[in-house]
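Q: Provide a 3D model corresponding to the input given below.
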Amino acid sequence: MLMLSHAHEVRRADLAGIPTPEPTSSWHPVAHAEVVGALTERARARSLKIVSERYAVMDGTLYPRPGMQVSLRGARLYGSLDFEPIPGIPFPPGCRPSAGLRNSHDKSFALSILAGSRVMVCANGLLLAEHVINRKHTSGITLRTEVDKALDAFLETLTGFQEVYNRLRDQRLTRARGHHLIVELARAGAFSSSDILKVADEFEDPHHPEFRDRSAWTLYQASSEMMKSQSPARQVDGLKALSRTLLALVN
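A: Down below sits the predicted model:
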């Protein structure tokens, strides 16, 4: 779900060098390194084994008061953590449990943890749920408690991935039905209307032979394949809209 336009990839160790703005009486930004540290520590406490992790940051702007703006280096954080399969939780073949993460120092969005899966053949992500840390960085936030809540939601969501995969895989699409759904996905904000033809081309002639069965799963992959060139923020919002809308349309 990471990387590209207007963002640059960083190592976890680099996050400690990104400054965090001073808190106010009503807003308490959380350091990127602190967020990642809490998430990885609480994941290990639940025996979630991290296979890989990636982080990217974007600069941002904070407006402390009317007429004043402050440029912030690395204000927005995007991350993904892939885990080993979890015993007792069925998972689609060729997929790996994955968590998406985002945090901001410029009030652009709340600290969020998203449940997902990594499709190994093409490194696309499937995001089905989001847990937003309560109160959008206000003072009094208890990071460890909120991360625990997010991981509870993450594990609960993962139990439904096999069913979701089966629904999408078993829903066969004609060419005409696929094109209709692509237009509806664009209307829902999964991607721009200017990308409709790109998605249609990928749906009809996938880069990966595993997705040539013209199912709703194929359409999901065609859409998310195109999204890899988008900014991290657009990817997060687009993938959420894609998952929500496609599941509703094929229900």
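Q: and residue 108, that one's in a helix?
A: No: counting by DSSP: H, G, I helix; E, B strand; the rest coil, residue 108 is not part of a helix but coil.
Q: burial of it, as a residue count?
A: Residue 108 is flanked by 14 other residues according to other CB atoms under 10 Å. Any C-beta I mention is one placed from the backbone N, CA and C, and that applies to glycine too.
Q: Start the count at 16 instead of 1 going forward.
A: I'll keep to 16 as the first residue from here, and by that count the last item is residue 123.
Q: Confirm for me that it is in contact with residue 87.
A: No: counting by CB atoms under 8 Å, residue 123 stays clear of residue 87, with 10.2 Å between them.
Q: between the two, what contacts are shared?
A: Residues within reach of residue 123 and of residue 87 at once, by CB atoms under 8 Å, 6 or more residues apart in numbering, are residue 75.
Q: how's this protein carved up into domains?
A: According to automatic domain parsing, the chain comprises the domains 23-176, 186-264.
Q: Turn those into JSON lines, columns for mean pLDDT.
A: Below are the domains of the chain laid out as JSON lines (pLDDT from 0 to 100):
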{"stretch": "domain 23-176", "mean pLDDT": "82"}
{"stretch": "domain 186-264", "mean pLDDT": "84"}
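Q: So residue 69: helix, strand or coil?
A: Going by three-state DSSP: residue 69 is strand.
Q: no wait, residue 45
A: Per three-state DSSP, residue 45 ends up coil.
Q: wait, it sits on residue 33?
A: No: between residue 45 and residue 33 there is no contact under CB under 8 Å: 11.8 Å.
Q: out of those two, which sits in the more crowded spot?
A: residue 45 (20 against 17).
Q: Just the strands from the stretch 66-215 of the chain, written as ranges.
A: Taking DSSP state E, counting those that start in this stretch as the criterion, the stretch 66-215 of the chain carries its strands at 83-98, 110-119, 127-134, 139-147.
Q: the inter-axis angle of the second one versus strand 83-98?
A: Calculated by axes from the mean of the first three to the mean of the last three CA atoms, to 10 degrees, strand 110-119 forms an angle of 160 degrees with strand 83-98.
Q: strand partners of strand 110-119, parallel vs antiparallel please.
A: strand 83-98 (antiparallel), strand 127-134 (antiparallel) (DSSP bridges).
Q: mind checking how far residue 174 is from residue 107?
A: 12 Å (CB to CB, to the nearest Å).
Q: should've said residue 238
A: From residue 238 to residue 107 the distance is 17 Å (CB to CB).
Q: With neighbour numbers in mind, choose between these two.
A: residue 238 (28 against 18).
Q: which residues sit in contact with the more buried one?
A: 197, 200, 205-206, 214, 217, 257, 261.
Q: again, 6 Å this time
A: By CB atoms under 6 Å, 6 or more residues apart in numbering, residue 238 lies in contact with 214, 257.
Q: Alpha carbons of the helix or strand hosting it, as PDB, please.
A: Assigned by DSSP states H and E, residue 238 belongs to helix 231-242. What follows is helix 231-242, C-alpha atoms only, in PDB (Å, rounded to 0.1, in the frame of the first residue of the first chain):
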ATOM      1  CA  ALA A 231     -14.500 -10.400  -9.000                       C
ATOM      2  CA  TRP A 232     -11.100 -11.300  -7.500                       C
ATOM      3  CA  THR A 233      -9.600 -10.600 -10.900                       C
ATOM      4  CA  LEU A 234     -11.300  -7.200 -11.000                       C
ATOM      5  CA  TYR A 235     -10.000  -6.400  -7.500                       C
ATOM      6  CA  GLN A 236      -6.500  -7.200  -8.600                       C
ATOM      7  CA  ALA A 237      -6.800  -5.200 -11.800                       C
ATOM      8  CA  SER A 238      -7.900  -2.200  -9.800                       C
ATOM      9  CA  SER A 239      -5.200  -2.500  -7.100                       C
ATOM     10  CA  GLU A 240      -2.500  -3.100  -9.700                       C
ATOM     11  CA  MET A 241      -3.200   0.300 -11.200                       C
ATOM     12  CA  MET A 242      -3.200   1.900  -7.800                       C
END
